[in-house]
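J.: kindly generate the corresponding structure for this input.
(8 chains, ligands or ions: 3)
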Amino acid sequence: MTSDQTETAPAPDLSSTIWSEVDRALAGITARPEKAVLDLVVYIPRDEVIEGLRRLKKDEGLAFDYLRSLTAVDLEEEGMEVVYHLYSTTKRLNVTVKASLPNDDLTIDTATTVWKAANWLERETAEMFGIRFNGHPDPRTLLMPEDMTDTFPLRKSHPLAEIEVLQGEGMGYSEEGE
Amino acid sequence: MIPIENFLVLSALLFAIGFYGVLARRSAILILMSVELMLAAVAINFIAFATYLDADAFSGLVFALFVITVAAAEVGLALGIVLRLYRERRTANVDEANRLKW
Amino acid sequence: MAVTPAEEAVATTDAPEAPTTAPEIPSTVPAEEPIPVIIPGEHPNEAPRLVPVPHVPGKALYKQILPGVMQVPLDLVLAASRKSSLWPMTFGLACCAIEMIGTYMAHYDLDRFGIVPWPSPRQSDVMIVAGTVTKKMAPAVKLLYEQMPNPKWVISMGACATNGGPYTRYDRVLQGVDKIIPVDVYVPGCPPRPEALIDSFLALQEKIMEERKSTGR
Amino acid sequence: MVTEHAQEFETQDLLLNVGPQHPSTHGVFRMVLSVDGEVVRDVVPYIGYLHRGAEKLCETMDYRQGIGFMDRTEYLAAFNAELSYVMAVEALAELEVPERAQWIRMILCELNRLSSHFMFLGAFGIDVGVFATPFIYAWREREELIDLFEEVSGDRMMYAYFRPGGLAWDVPRNFKDRVRQVLKSARQGVADFNHLLTENEIFLARTRGVGAISAAEAIEWGMSGPSIRASGVPLDVRKDEPYLKYDQVDFDVIVGQNGDVYDRYYCRLMEMHESIKIVEQCLDKMPDSGPIMPEKMPRMLRTAPGEVYIRTEAPRGEYGIYLVSKGGNRPYRLKVRSACISNLQALKDMSVGQYVADAIIVLGSIDIVLSEVDR
Amino acid sequence: MFDRLPLPSQFDRTIVAGGTVAVLVAAPVLVVLLALLFADEISAPEFVFFVAAAVIMAGALGAVLMPNVVHAALSLVATLLGVAGIYLLLLSEFIALVQVLVYGGGVVILLLFALMLTNAADDPVVSDGTQKPFALIVAAIMGSLFVAVMLDAQWGNPSATVVPFSEFGARIFRDFSVPVIVVAILLDIALTGAFVNARRAEETTDQVEEAAA
Amino acid sequence: MKGIARSMLTTLSTFARKPVTRNYPDFHRPLPKTDRAFPLLLWDQEIDEPFCTGCHACERACPVECMTVLMKDNPNHKSVGGNSSRRKIIDKFWIDYARCMRCNICVEVCNFDAISMNNTWTGHETSVYDRQDLVMDLQQLLSQSRAGQIQEWVPVIGQTND
Amino acid sequence: MAQADALYVQYLPVLLAAIVGFILVFTALIGSRLLAPFSEEREKATTYECGMLPLRRASTNVGMRFYLYAILFVVFDVEAVFIFPWALSFVGIGQFAYWSMVVFIGILGLGLGYAWKKGALQWR
Amino acid sequence: MTADLFGLELNVWADAAIRLVLIVTLMTVVVMGLIYLERKIIARFNQRIGPQRTGPFGLLQSVADALKLVGKEDLRPRSADAWTFELGPYFIFIPVFLGFVIVPFVADWHIRLLDLGLLYFIAASSLSIIGWVMAGWGSDNRYAMIGALRAAAQGISYELPLVLALVAVGIYAGTFNLGEMIAQQDVVPFIVWQPMAALIFFIAALAELNRTPFDIPVGESEVVGGPFVEYSGIRWSMFFLAEYAALFIMSLVFSAVFLGGFLWPFGDDLGRLFQAALTTAKAGLFFFVVVWIRISVPRLRIDQLMSYSWKVLLPLALVQVLVNGLVLVNGWSEVILLAFGLVGVAVLATVTGRAVAAPRIRPGAARRPLAPAPAHGEAAS
Ligand code: SF4
Ligand code: SF4
Ligand code: SF4
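T.: Residues are numbered from 1 along each chain as shown, chains lettered A, B, ... in the order given. Ligands and ions are numbered 1, 2, ... in the order given. Sure, this is the predicted structure:
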């Protein structure tokens, strides 16, 4: 989400969402709602995000007991966003929680204390984006080769490989012809 | 027909070798193996005498049979003890074993 | 072929580590130091992974002691038997492996050609590299190839195994398995049809009959 | 390494390395079992041998090109994978999918679920130790399905048939008859499996009560699909958040009771019946003619800025696509929520304390696809 | 030059050297025996006897001398089979087969399992005791003594007699049924004793591991 | 034992059925017209030249960048007294079959219906001993269509049966 | 001596069979050595570990169970040894031999039952 | 010392040697045939075609495999133990081969019919366990090690039921000489009077041969081929040869002990060829059932396998022995044996069903319809 959109106040269509309950559950935590195409998106500062997630899970009105996915988005100059997709198996509600990280300090607390499911997802996010999850129980590399963990492929700054081309002079307009 | 001395000498040598093993080896399991050698020597003697000297050649065979049987039982039991020794003392060597007090 | 110590280091780093004694995750660079942007394919650690395996054919004793004329029938018999009982190693890497399995199954039935898969490289003659070979997998592929006894052949099945295929732009993917092991037959396609795989086996059989002079394989 | 050796020598357990090349790891999965006299004491899984950066590459491809990569992330149920992707794109581009296209998508997805579950049954039977027969049965039916898919889409595995807005081209004219006849053989195949495995005493002895995981644990681990339904959690996106026309067909969500290997197997078996049921209803409800693409599609599809998380029920569980767009014709960030990686996390909980053979069939029972785990 | 030799293995020096030594040792014996056999100096049974005796001796020496415990156990197998052959030459086929069945099938497996339960199989090379020379002297004295006695004694006029198998069985169960029952009891005792020991051993290991943990 | 007996009866029933094997090298199953083997260039039979004008559209659209297109001025164009209406025409064309992922995109983007997927068996039996042989040049790409051995099917995206 | 020769003639093929079997294997290996290509590659001789370099020398921590089953086997093997002569002769002797064997097997059965009850037949 | 072979007088050594050589050739041919047949049968079971291209109907497939294996490099791992690894094949093959000595093929042709034939057979076959342990330990490979230990444990556990089943029949027949046994079955084969013994023998034979469902020592999906993982080329094919030779012998013994070998129940005095055909047919039946079971049932787990042998088969075999003795010593009629045997078979079947499939917890997956999702603004539609 680019900044200019984030300035806008909660849109009226939030009424159709569960923002009210989420707000109640997150009392005392500075949360900023936003309406994505399907789900409600809640921005929480990264210091409070784990607490917020825990409340969202514990709250019996919402009971977000199911961590669907955990990932990050690399908005180059605006730092990175860690995205949690939550689901409530009992209430069948969805919510998306986001925490923004500044580029100069890519650390956030681990969510494994809230859901075990966050374990491998955080390992993957860590090695793909170079985000440190403080207090992760098992901070080994997951997908990368054990000795090639110093580059972070999913960052925008990570280049692609060169294709070895076996054919042709490359595209263009060949002179010989007529 | 094979002269009986052959068998007797053979069993004597086998017995001696087994005896050497019992004295020289340290690992309890190997000592047990040496004991097996000695028992085999004894059984050979039994059968040799039975077949060649005994008129009805029977009790010798039965004794050999019992020797084999008892040997099997003895091995099983002794190995149980050795394993327990190993599990408790992490060694299967007799001299270390009797150095460590049970 | 002597393995460079670097390679052994690489291969042994795959050994399991107890989570308790796991080292600090190296991907947590303090943001002050710049993110290293490494040109793909030139990662310092991936050089040892990509050391190609030379194929040392080895020579049969009868080649050395028998006169040439007497070798010919032996060559013929051996080549014929080899070509009619090619045992691949059950080794599926990615999507192509599914089509490979399908080729073993009733509708295509590689058993008609005497081709039955064996689980261990020790008993297999052919290695069907069916799928994407990542740089993490490369040492294992090399090791498995080396553990196969001579004569041995390699079929590179699918675009990925041939040159990285759709994923060739990603720098953790090996751009073609022939970078690390000698390949005999290439099957294009993503994935190749089972018929294409059978066709590659037929091609391999022809190749065996042709190259029977050299006991290399 | 050195420290590791030291502690290895202290313990009495035997470290058994399974994979990456092992007949029963379904690809390049690797786990290290520490075995104490045939009993598994610890499991250390290793993945990533098939990490080929599909997400990264999709960020550099336009929406049409991305479809092929989605196929290859879930090569056993490529239709379902495509579905999530194109639904995400449609949600961002506000495309309205014609009804007929939706029915066809449903039919194909359910058929693909059938073929994927057949694959599971075959592999699982092999893991349990029947020699070759389950695989043969599975592929006998799969080939029928694959032939149908090929007539429809043109390829056996990587269909690239769903497009943002609808379908690439129309299905053949005899589509319905073909589907019906395929369903007939599929029913036969399911019955064969039912007779071959379900009541076999040895099979029951091997699978019942093995690798059980409780409902709470399963939710905690974020499992999904049949693997969590076997534990008694009726979690099914098709029911909870009906996406295509699933609210117009009638089907049951199969849930187990014990969450053990047998239940995971049996849930999948029953689910195949449900899928057949769904496809039959779709065939009745689907209009015979009509558009399969909205009128006036742009040559090059562009989406509005925004983000969406689309989840659909793939054979292995919830297959989610998190698509962030900043406008333009290609995703800014595309994240594949893989069901297998979440199911695989629970492997340790399920297999510690079992026998070695049980660890193998527990791995088989959660039916992983490595390219979806590693992407 | 070793790889030129047509040896049935992934030839290497151990195999080649060991095989050559074995052949060099065994060949002359065989040659002499065959010569004697065809010169009718010894009868065929005697020939077999000498071969078996050679096997027994080699195996026994290996069993007591080999540093590798597993190798020692396997050479013990050779000895036991040779002993079975001797029983056969002594016209008691039943005892011979029992020897093979009980020892070859059971006891040796038991020994191998025990070797692998102890760490013997991990570092199989054991060091023998310091009392080797002493043991050697004693064993030599005893062996020579026995041999002397055996050769010195006068064994009347030996004549071989065979007990038919059925009669053998009949005799056992007519005359020796009480010892048989006693054997059964003995076996039971061995069984239970072994179980108790094994159980204790397991418990202790568990305790040890818990203590370690 | 009941279940075991049932399993064995099941297998016995399959023992009775006929084999389903398609005896491949002897018997080629007819392929559906939608089958996608590898892209081929089509030959314009009436004006004796390829359809392709070398417009680079497919080259740009190919997700794996396995095509290389070079165009030239058509020597057969009306302006130079030819009978063709194509001002530009393909000069050199390579497709690396070894990398093609058979996604059909090149066919869809082509405005001239000049390229289509090979849906005959020759498209599938392409095993080679050398990777270089999988790079098809213009002649190889055109030959099959030129000889008319291709049951041509160029899909139109979103077309319906009626 | 007739019996003796008869016995030897009976068992002569056993000896020969052992020799023939040995020769069979040996010639096969020789033939392979002649026909098969050999080459010295270091990695080829590494232990097969599913494509990984071996973690370490194969540790052999046999569970105690294997040993217990071996003990059981030895005991019942001996029992079988006693059944064999009994089997051919008890009819001639009559009830006494039969019942003594019943007692024999019964006692061992007690041992088995004890092991069963103690859970020695249970793996865990 | 002479013996006669097809009537001609020969020196015993020559006689024995000739018979053995005949057996060797027969064995190799039969083993190749068995492998080919098994592949064809399995292919038919799988609705496949099976070997087809090598020679007419793929008849030469086994030959090609054998030649290829001869022409294949055989390796030894660097860390393997030289002597045990090298000698393993001998120790596995020779005991199996020794078994051929006692098997009667046709009425007047065999190597030797020992009086203690069955005891000899068991003793010989029990030796090969040592070979398995040698191969496994010598390979210095975890899979091989585990496989060897499993093989040893399984072998010793299932040897006892095998022995006791044979002993039961021996008691009934009053002899352990296979020839005499067959001679007694001219009218009624023993399987009629000893059905339970036959069943026990069959199951135990399956286990001794490491065939499914008792193939945990060589199970591909767990230990990758078991003790043979490291073996390659001809050395590995020796294991293969031994395996199928053991299958051959086992089927012959079964047909001789329980099915009356070469005898035809109705009418006697048949030609040698017909007898050979009968032996082949009876052994082939055993072989077919083994293959059929192999592709039909899953693999047992090691604890189930062990407890099945010790808790089910062994007691039942002992009971069979005692009952046979009781009937014989009292001179009761054989109908009692038949009745007991049938009851025993029923008991064995039920006990097997329960012993093998004892669920540890309550089984089953229920179909539970679910309430429709709540119409909520959040729910995607
Ligand atoms: S070639 Fe295509 S199908 Fe084969 S592995 Fe690569 S991506 Fe998958
Ligand atoms: S094939 Fe079509 S799209 Fe490609 S260059 Fe030729 S005309 Fe252009
Ligand atoms: S089919 Fe796809 S991958 Fe192949 S050339 Fe055409 S666009 Fe490229």
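J.: look at residue 34 and tell me its secondary structure.
T.: Answering for chain A, as no chain was given. Look at A:Glu34: counting by DSSP: H, G, I helix; E, B strand; the rest coil, its state is strand.
J.: wait, isn't it in contact with A:Val41?
T.: Yes - taking contacts as Cβ atoms under 8 Å, A:Glu34 lies within contact range of A:Val41: 4.4 Å. The C-beta positions use only the backbone N, C-alpha and C, and glycine is treated the same way.
J.: and the spatially most central residue of chain A, what's its pLDDT?
T.: The centroid of chain A falls nearest to A:Val83 when counting by Cα atoms, centre = their mean (2.4 Å). pLDDT for A:Val83: 90.
J.: which residues are in contact with residue 48?
T.: Looking at chain A here, since you left the chain open. A:29-30 (Cβ atoms under 8 Å, 6 or more residues apart in numbering or on different chains).
J.: one more time with 10 Å
T.: Listed by Cβ atoms under 10 Å, 6 or more residues apart in numbering or on different chains, the contact partners of A:Glu48 are A:26, A:28-31, A:55, A:99, A:109.
J.: need phi/psi at it.
T.: Recorded main-chain torsions at A:Glu48 are phi -100, psi 0, according to degrees, to the nearest 10.
J.: quickly note the distance from it to A:Ile29.
T.: According to Cβ to Cβ, to the nearest Å, A:Glu48 stands 5 Å off from A:Ile29.
J.: and for C:Ser81?
T.: As for C:Ser81, its distance to A:Ile29 is 75 Å (criterion: Cβ to Cβ).
J.: okay, those two: which has more neighbours?
T.: Comparing C:Ser81 with A:Ile29 by other Cβ atoms under 10 Å in any protein chain shown, the one with more neighbours is C:Ser81, at 22 against 17.
J.: pretty sure the more buried one contacts H:Leu67?
T.: Yes - counting by Cβ atoms under 10 Å, C:Ser81 does reach H:Leu67; the two are 3.6 Å apart.
J.: shared neighbours of those two, anything?
T.: H:Leu60.
J.: regarding the chain, what is its longest helix?
T.: Looking at chain A here, since you left the chain open. Once chain A is assigned using DSSP state H, the helix that runs over the most residues is helix A:118-129.
J.: let's do chain F instead
T.: Determined from DSSP H, the single longest helix within chain F is helix F:2-16.
J.: for chain A, which residue gets nearest to chain E?
T.: Here chain A gets closest to chain E at one residue, A:Pro137, 19.0 Å apart by Cβ to the nearest Cβ.
J.: neighbours around that residue, how many?
T.: A:Pro137 has 14 nearby residues by other Cβ under 10 Å.
J.: where do the helices sit along chain B?
T.: B:4-24, B:28-52, B:59-89, B:94-99.
J.: and E:Val102, what is it in contact with?
T.: By Cβ under 10 Å, 6+ apart, E:Val102 lies in contact with B:65, B:68-69, B:71-72, B:75, E:80, E:108, G:74, G:77-78, G:80-81, H:123, H:126.
J.: the next helix or strand after the longest helix of chain F near chain C at all?
T.: Counting by DSSP states H and E, the next helix or strand C-terminal to helix F:2-16 is strand F:39-41. No - for strand F:39-41, no contact with chain C is found by Cβ under 10 Å from any Cβ of the partner chain; the gap never falls below 11.8 Å.
J.: what helices or strands is the helix or strand following strand F:39-41 leaning on?
T.: Counting by DSSP H and E, the element after strand F:39-41 in chain order, helix or strand, is strand F:43-44. When contacts are defined as 3 or more Cβ pairs under 10 Å, 6 or more residues apart in numbering or on different chains; DSSP states H and E, strand F:43-44 packs onto strand F:49-50, helix F:138-146.
J.: can you list these in JSON lines and add mean neighbour count?
T.: Formatted as JSON lines, the helices and strands packed on strand F:43-44 follow (neighbours: other Cβ atoms under 10 Å in any protein chain shown):
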{"stretch": "strand F:49-50", "mean neighbour count": "21"}
{"stretch": "helix F:138-146", "mean neighbour count": "18"}
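J.: nearest to chain H, of those?
T.: Comparing the helices and strands packed on strand F:43-44 by Cβ to the nearest Cβ, helix F:138-146 comes nearest, at 29.1 Å.
J.: who are the packing partners of that closest one?
T.: With contacts taken as 3+ Cβ pairs under 10 Å, 6+ apart, helix F:138-146 sits against strand F:39-41, strand F:43-44, strand F:49-50, strand F:67-73, strand F:88-96, strand F:115-117.
J.: near ligand 2, which residues of chain F show up?
T.: Counting by Cβ under 6 Å from any ligand atom, chain F comes close to ligand 2 at F:52-58, F:69, F:90, F:109-110, F:112, F:114-115.
J.: closest one of the residues you listed to C:Arg169?
T.: Closest to C:Arg169 out of these is F:Cys58 (18.1 Å), distances taken as Cβ to Cβ.
J.: distance of that closest one from F:Thr122?
T.: 21 Å.
J.: and D:Ile136, what does it touch?
T.: Contacts for D:Ile136 (Cβ under 10 Å, 6+ apart) come out as C:104-107, C:109, D:122, D:125, D:130, F:11, F:14, F:20, H:42-43, H:45-48, H:295.
J.: pretty sure C:Pro52 is in a strand, no?
T.: No - C:Pro52: not assigned to a strand; according to three-state DSSP it is coil.
J.: distance of it from C:Lys179?
T.: C:Pro52 is 6 Å from C:Lys179, where distance means Cβ to Cβ.
J.: who's more crowded, the two?
T.: When C:Pro52 and C:Lys179 are compared for neighbours, C:Lys179 comes out ahead with 17 against 12, by other Cβ under 10 Å.
J.: my read: the more buried one touches C:Thr168, true?
T.: No - counting by Cβ under 10 Å, C:Lys179 stays clear of C:Thr168, with 11.7 Å between them.
J.: tell me the helix or strand right after the worst-scoring helix or strand of chain G on mean pLDDT.
T.: Among the helical and strand segments of chain G, the one scoring lowest on mean pLDDT, DSSP states H and E is strand G:37-38, with a mean of 74. Next in sequence after strand G:37-38, counting helices and strands by DSSP H and E, comes helix G:64-93.
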